[in-house]
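# turn this into a structure:
(chains A, B, C and D)
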2 protein chains.
Amino acid sequence: MTRAPQKRRLETRAALLREAEGLILENGFSALRVEDVVERAGVAKGTLFSHFKDKDGLLAVLIGARVMALMDEMEAQPSPEDVEDLCDLLSPLLCFIAQDRVVFDILLRYSGSTSAVIDETVTQSFHRQINQLSAWISVLQNTGQIRQDAAPELLAEGIQAFLNHVLALWFCVDHENGETPSSALLPLLQTWLAAPA
Amino acid sequence: MTRAPQKRRLETRAALLREAEGLILENGFSALRVEDVVERAGVAKGTLFSHFKDKDGLLAVLIGARVMALMDEMEAQPSPEDVEDLCDLLSPLLCFIAQDRVVFDILLRYSGSTSAVIDETVTQSFHRQINQLSAWISVLQNTGQIRQDAAPELLAEGIQAFLNHVLALWFCVDHENGETPSSALLPLLQTWLAAPA
DNA sequence: GGAGTAAAGTGACCGTGGTCAAGTTTAAAT
DNA sequence: ATTTAAACTTGACCACGGTCACTTTACTCC
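Down below sits the predicted model:
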């Protein structure tokens, strides 16, 4: 039987997350160093690894929280009226992930949407994404904007695949001009959701 | 002006690749250690990094070669007659990548198909994939097996996205039962290529 | 209170990828 | 044959993530 964690432990965990968040705001995700986090939090290195499986585990919590916040914003938006609207709604999420390769890597690693450990924030965020996308797709199907020969859940899964695809491409090319990841997404989504003539 | 590489250098490079290949055959990609490679090749550690940008660079060469071999086999096959055939043809490639997370990670990192440095084997292999897929798609379009409202190249790009998607899922779940990555691919491909009624 | 026990935290230590100033080999120039 | 500069290689060194036997703290029961 496992007991409830002590107050001290909760405080330590909070300190680790708080300081990590601060360092990320200063230098970005890629530059985060475990040594820096524990130094600022005033704990030993080993402590961090008793709270999180590894550095990626810590990052996953922080990234999961950010994605959840983005999902809140998404859900507050009105339902898209066409595929371009849909693309625009996805743009903030895409831009967040596109900011740093580490974010993309972590999310991809945990993207087994319907995986076992549900209590992980990241996994929850994927469920929300699928649900949200499915809901929007349902509406678009009912208004005849998009194809109706596939289940909303399948179409939502496909959109996730395309999101990851454009992000993977994003990290392989230079970006002098002001292009965004979502501009590459639109043609794929239009073809995937192709409204029948 | 850069001179042609000396004979000694070519031999060193060949030795590094040969020994790395051997170690991978013994222990798999994930277990490869730089120290082991240089020891077997009889060179110093620094030498490896003068031949390859980093460990991933070495792996990319070896993985690229394997993918090229798989592409040779693919191109030797007759053109698929329907989407299920297509799925079967992709299965060997999928199984190769599914064998080890490292393989997937490396390929994903270099999957910016039409990227700058063309002389990289991995990049070349992506071009071949796109070309091969496009060719197959053209045939299927002409026989009326699949949709004709999108360019073969776009449909091929989408297939790549789905390949990566099912692989990402593959690494997120356990596999007791004898399922393969390509079984998850089929429904996505059928919907993506959906023959109009 | 004090003894006993489980939780929490510690930091020296390790493995591994990657660097770089210095040394060695090669081959072109004379 | 000698010189010379570039190509090539070396290995001590560093950075960073992660481990684990041990110490300290907090809770429980008498």
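# okay, now A:Leu185: neighbour count?
23 (other CB atoms under 10 Å in any protein chain shown). Just so you know, the C-beta spots here come from the backbone N, C-alpha and C atoms, and that holds for glycine as well.
# identify the residue spatially nearest to the spatially most central residue of chain A, adjacent ones excluded.
By CA atoms, centre = their mean, chain A has its centre lying nearest to A:Val67, at 4.5 Å. Nearest residue to A:Val67 in three dimensions, chain neighbours excluded: A:Ser125, at 4.2 Å (CB to CB, 6 or more residues apart in numbering or on different chains).
# who's in contact with the one you found?
By CB atoms under 8 Å, 6 or more residues apart in numbering or on different chains, the contact list for A:Ser125 reads A:Gly64, A:Val67, A:Met68, A:Met71.
# quick check, nearest of these to B:Ala15?
A:Gly64 (45.1 Å; CB to CB).
# which residue is the nearest non-sequential neighbour of the closest one?
That would be A:Thr121: by CB to CB, 6+ apart, it lies 3.1 Å from A:Gly64.
# and the one you found, what is it in contact with?
Per CB under 8 Å, 6+ apart, neighbours of A:Thr121: A:Ala60, A:Val61, A:Gly64, A:Ala65, A:Val67, A:Met68.
# how about the residues of chain A near DNA strand D?
A:6-8, A:32-35, A:45-46, A:49-50, A:54-56 (CB under 7 Å from any atom of the strand).
# and with 6 Å instead?
Selection of chain A residues close to DNA strand D by CB under 6 Å from any atom of the strand yields A:Gln6, A:Lys7, A:Arg8, A:Arg33, A:Val34, A:Glu35, A:Lys45, A:Gly46, A:Phe49, A:Asp54, A:Lys55.
# mind listing which of the contacts of A:Ser125 are in helices?
The members of the contacts of A:Ser125 that map onto helices under DSSP state H are A:Gly64, A:Val67, A:Met68, A:Met71.
# let's see if you can find the most crowded of these.
A:Val67 (22 neighbours).
# pretty sure that one contacts A:Val122?
Yes. Counting by CB atoms under 8 Å, A:Val67 does reach A:Val122; the two are 7.1 Å apart.
# find residues that contact each of the two.
A:Leu107.
# and chain A, what are its domain boundaries?
Residue ranges for the domains of chain A, per automatic domain parsing: A:1-51, A:54-192.
# how about the first one, does it reach chain B?
No. Applying CB under 8 Å from any CB of the partner chain, one finds domain A:1-51 out of contact with chain B, separated by at least 14.3 Å.
# near DNA strand C, anything from that domain?
Yes. Using CB under 6 Å from any atom of the strand, domain A:1-51 comes into contact with DNA strand C via A:2-3, A:5-6, A:8-9, A:12, A:43-47, A:50.
# which parts of chain A are helices?
A:7-27, A:34-41, A:45-51, A:55-76, A:83-98, A:101-109, A:121-142, A:152-170, A:181-192.
# could those be laid out in CSV, adding mean pLDDT?
Shown next, in CSV, are those (pLDDT from 0 to 100):
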stretch, mean pLDDT
helix A:7-27, 97
helix A:34-41, 98
helix A:45-51, 98
helix A:55-76, 97
helix A:83-98, 98
helix A:101-109, 96
helix A:121-142, 96
helix A:152-170, 97
helix A:181-192, 95
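# and those as JSON lines, adding distance to B:Tyr110?
Shown next, in JSON lines, are the helices of chain A (distance: least, CB to CB, whole Å):
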{"stretch": "helix A:7-27", "distance to B:Tyr110": "27"}
{"stretch": "helix A:34-41", "distance to B:Tyr110": "28"}
{"stretch": "helix A:45-51", "distance to B:Tyr110": "31"}
{"stretch": "helix A:55-76", "distance to B:Tyr110": "21"}
{"stretch": "helix A:83-98", "distance to B:Tyr110": "18"}
{"stretch": "helix A:101-109", "distance to B:Tyr110": "13"}
{"stretch": "helix A:121-142", "distance to B:Tyr110": "25"}
{"stretch": "helix A:152-170", "distance to B:Tyr110": "10"}
{"stretch": "helix A:181-192", "distance to B:Tyr110": "18"}
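# for those, which one sits closest to B:Ala151?
Among these, helix A:181-192 comes nearest to B:Ala151, with 9.1 Å by CB to CB.
# picking that back up, so which of the contacts of A:Thr121 would you say is closest to DNA strand D?
A:Ala60 (11.4 Å; CB to the nearest atom of the strand).
# mind listing what the nearest residue to A:Ala184 once chain neighbours are set aside touches?
Excluding the flanking residues, the one nearest A:Ala184 by CB to CB, 6+ apart is A:Val166, at 4.4 Å. With contact set as CB under 8 Å, 6+ apart, A:Val166 has these partners: A:Leu94, A:Pro181, A:Ser182, A:Ala184, A:Leu185, A:Leu188.
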